[in-house]
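> Sequence first, predicted model second:
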Amino acid sequence: QVQLVESGGGLVQDGGSLRLSCAASGSIFSIYASGWYRQAPGKQRELVARITSGGIIIYADSVKGRFTISRDNAKNTVYLQMNNLKPEDTAVYYCNAAIATIEAPGKYDYWGQGTQVTVSS
C-alpha cells in the first residue's frame, strides 16, 4: 500500500556532504511526521532527525548544526542534507514516516529499505 524509497547514500570523505531523499508513494491520505534514523554496525538504531507536518523539527545532538531535514509535502518527500560528515556518521540510514492511508483509519509507521552512508577518514 505504501512504499518509502530512499536515495542519495554513498561514500564520501571526512568533511564532505551528501543529500538523502525519501519519497513516499501509494494510497496516502496524510503524512503526519517524517524522519531519518541510522544504525551503525553493532549499535542500536537511533533517531537522526524528525519533522512533523506542522514543521516542528528535532535533531540528535550529534548532528545539530551539520544536518538539515526538510520536506516537500507536494511530492511526499523528505530530505536530509548532511554537511561536514564525520567517520562516526557511517551507518545505514533509514527513512521513517507516520502515514494514514486512504483505505484504513489511523496512522501507521512505515520504513524504507535503508541506504548506506560511509564516511572515510
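Noted; the coordinates are in hand. Residues are numbered from 1 along each chain as shown.
> Setting aside sequence neighbours, what's the nearest residue to the residue most central in space within the chain?
The residue lying closest to the centre of the chain (Cα atoms, centre = their mean) is W36, at 2.7 Å. Counting by Cβ to Cβ, 6 or more residues apart in numbering, W36 lies nearest to V48, which is 4.4 Å off, once chain neighbours are set aside. Every C-beta, even on glycine, is put in place using the N, C-alpha and C of the backbone.
> Could you find the closest non-adjacent residue to G35?
Leaving aside its chain neighbours, G35 sits nearest to R50 (3.4 Å; criterion: Cβ to Cβ, 6+ apart).
> Tell me which other helices or strands the host helix or strand of the one you found touches.
For R50, the enclosing helix or strand under DSSP states H and E is strand 46-52. Under the contact criterion of 3 or more Cβ pairs under 8 Å, 6 or more residues apart in numbering; DSSP states H and E, strand 46-52 touches strand 28-39, strand 57-59, strand 67-72, strand 77-82.
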